[in-house]
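Participant: got a predicted structure here, sequence first:
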Amino acid sequence: MPTSKSSATISDAVSKSGASMGRPPEAMVDTPHIARKRFGQNFLHDPGVIARIVAAIAPKSGDCMVEIGPGQAALTEPLLRSLGHLHAIEIDRDLAARLRERFSSAQLTIHEQDVLKVDFMALSTALGAKLRIVGNLPYNISSPILFHLLESASVIGDQHVMLQKEVVDRMVAPCGSKIYGRLSVMLQARYTLQRCLIVPPGAFHPAPKVDSAIVRMVPLADHQVRVADWVVFAAVVMTAFSQRRKMLRNTLAGYSEVIDWERLGISPMQRAEELSVATFIALANHIAERFPSSGMATGHRPMA
C-alpha cells in the first residue's frame, strides 16, 4: 500500500553525535524552548501522568520502539530506562539539536523529518522487526498521521498515541453512534482499539483547550483483515459519510449500477452510521469485485 522508498532515506536522519543521558547542558537549561504553534507543540510535564502513560505502553528491553514528536523528552527518558535504545522522529530542528546534546547516539536515533514522510515499512525492514509506535501527536495533523501509519500497519506491533479526547472517542465509537464515522470505520477495519486514559490540559505546557487521551491500537493479524481492496474501501467509506444525513442510495449513487443491495442484506434507505464495520467491508468488497481500484478514475489514495 505505501509508496516504496529505500531504507537509506531513513538512515539519512540518524544522529551521529551526542552526550550521555542526563540533564541537558546549562546553556539549554537557561534558554527554554518556546512551543511552536505551527508544529502543534504541547509538552507533557506532569510526572504522575507520564508514569501512567509509560505503564500503559509497558516498554521492554529489545523493543523496536519509535517515538513520534519526542519534544522535550518527557516520555523519551523514562522509556529509555526500560528500552536502552529508541528511535525518535522530530521535525523541529531546535528540539532535535537539544535531544542530540542530551542523549548519546547509542541511546537515541533521531530522524529529523516530517513524520508524514517517514517510510515505516522501510524502517521496519532495516531494523528487522515490527515497530512499536508511541507519541504525543500534534493535534492539527493527527488524522493524516493515523492514516499514514495505517498504510504500514502490517509492520507495526502496536501504537500508543496521545490525541484530542474527541478524536479518540470518534476512533472507538460504535456503529449507530452520532460520532461514528469515517475515522471509526477505517481504523476499526485494521486495528483493535482501546482508550487507555484521559489526560487533562494541566498536564501540558502550554495547556491545550481540550482534554487529551491515550489510545492503544493493535493491528489485526494479516489473516484477520477482510478488506480486499483498500483503495475501493477508502473511497466507499469516504463517500458514504460525505453527507451522513442522506441515505446510502443517494450518497453511493455513483456505485448504484454495481451494488446488489438484496444480496448484501443492506437497505439503500439506511444511512452510513447504521452500517457496522463488517458491513462496510462486505459492501466495499462487493463493489471491488465489479469495480476494482485499477479501474477507478477517482484518484483516491488508499488512506487519503
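Facilitator: Here it is on my side, so go on. Owing to the predicted nature of the structure, the values given are computational and were not obtained by experimental measurement.
Participant: strands along this protein, start to end?
Facilitator: Per DSSP state E, the chain carries strands over the ranges 43-44, 65-68, 86-89, 108-111, 131-136, 156-164, 191-199, 204-205, 212-219.
Participant: of these, which is nearest Met238?
Facilitator: strand 191-199 (18.3 Å; Cβ to Cβ). From N, CA and C alone the C-beta is placed, and that goes for glycine too.
Participant: packing partners of that closest one?
Facilitator: Under the contact definition 3 or more Cβ pairs under 8 Å, 6 or more residues apart in numbering; DSSP states H and E, strand 191-199 sits against helix 47-57, strand 156-164, helix 165-172, strand 212-219.
Participant: okay if I get the ones you listed as TSV plus mean pLDDT, mean neighbour count and distance to Val185?
Facilitator: Listed next are the helices and strands packed on strand 191-199 as TSV, based on pLDDT from 0 to 100; neighbours: other Cβ atoms under 10 Å; distance: least, Cβ to Cβ, whole Å:
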stretch	mean pLDDT	mean neighbour count	distance to Val185
helix 47-57	95	16	25
strand 156-164	97	22	17
helix 165-172	97	20	10
strand 212-219	97	21	15
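Participant: which one of those lies nearest to Ser276?
Facilitator: It is, among those and with distance given as Cβ to Cβ, helix 165-172, at 14.2 Å.
Participant: relative to strand 212-219, how tilted is that closest one?
Facilitator: Using axes from the mean of the first three to the mean of the last three Cα atoms, to 10 degrees, the direction of helix 165-172 lies 30 degrees away from that of strand 212-219.
Participant: what's the closest of the helices and strands packed on strand 191-199 to Tyr191?
Facilitator: Tyr191 sits nearest to strand 212-219 of all these, at 4.5 Å, using Cβ to Cβ.
Participant: just checking, what packs against the closest one?
Facilitator: Strand 212-219 packs on helix 47-57, strand 156-164, helix 165-172, strand 191-199, going by 3+ Cβ pairs under 8 Å, 6+ apart.
Participant: isn't Asp229 up against Ile281?
Facilitator: No - applying Cβ atoms under 8 Å as the test, Asp229 and Ile281 come out as separate, 10.5 Å apart.
Participant: of all the strands of the chain, which lies closest to Gln270?
Facilitator: Among those, the nearest to Gln270 by Cβ to Cβ is strand 191-199 (23.9 Å).
Participant: would you mind writing the CA trace of that closest one as PDB?
Facilitator: This file holds the C-alpha atoms of strand 191-199, laid out as PDB (Å, rounded to 0.1, in the frame of the first residue of the first chain):
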ATOM      1  CA  TYR A 191      -6.900  -2.400  14.500                       C
ATOM      2  CA  THR A 192      -8.400  -3.300  17.800                       C
ATOM      3  CA  LEU A 193      -8.700   0.000  19.700                       C
ATOM      4  CA  GLN A 194      -8.800   0.800  23.400                       C
ATOM      5  CA  ARG A 195      -8.900   4.200  25.100                       C
ATOM      6  CA  CYS A 196      -6.400   3.800  28.000                       C
ATOM      7  CA  LEU A 197      -6.500   7.100  30.000                       C
ATOM      8  CA  ILE A 198      -7.700  10.700  29.800                       C
ATOM      9  CA  VAL A 199      -5.100  13.400  30.200                       C
END
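Participant: residues making contact with it?
Facilitator: Strand 191-199 is contacted from outside by 44, 49, 52-53, 56, 153, 159-160, 162, 165, 168-169, 171-172, 187, 211-220, using Cβ atoms under 8 Å, 6 or more residues apart in numbering.
Participant: circling back to that earlier point, okay, the helices and strands packed on strand 191-199 in a markdown table with distance to Leu99 next?
Facilitator: What follows is the helices and strands packed on strand 191-199, written out as a markdown table (distance: least, Cβ to Cβ, whole Å):
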| stretch | distance to Leu99 |
| --- | --- |
| helix 47-57 | 17 |
| strand 156-164 | 18 |
| helix 165-172 | 27 |
| strand 212-219 | 22 |
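Participant: Ala235: which of those is closest?
Facilitator: Here helix 165-172 is closest among those (Cβ to Cβ), at 19.9 Å.
Participant: now the closest one, how far from the chain's geometric center?
Facilitator: 13 Å (Cα atoms, centre = their mean, to the nearest Å).
Participant: name the residues that touch it?
Facilitator: 139, 142-143, 146, 163, 179-181, 183-184, 187-188, 193-195, 198, 210-215.
Participant: now the buried members of these.
Facilitator: Among the contacts of helix 165-172, those classed as buried by 16 or more other Cβ atoms under 10 Å are 139, 142-143, 146, 163, 180-181, 183-184, 187-188, 193, 212-215.
Participant: which of those residues sits closest to Arg244?
Facilitator: Within these, the smallest distance to Arg244 is 7.0 Å, found for Gly181 (Cβ to Cβ).
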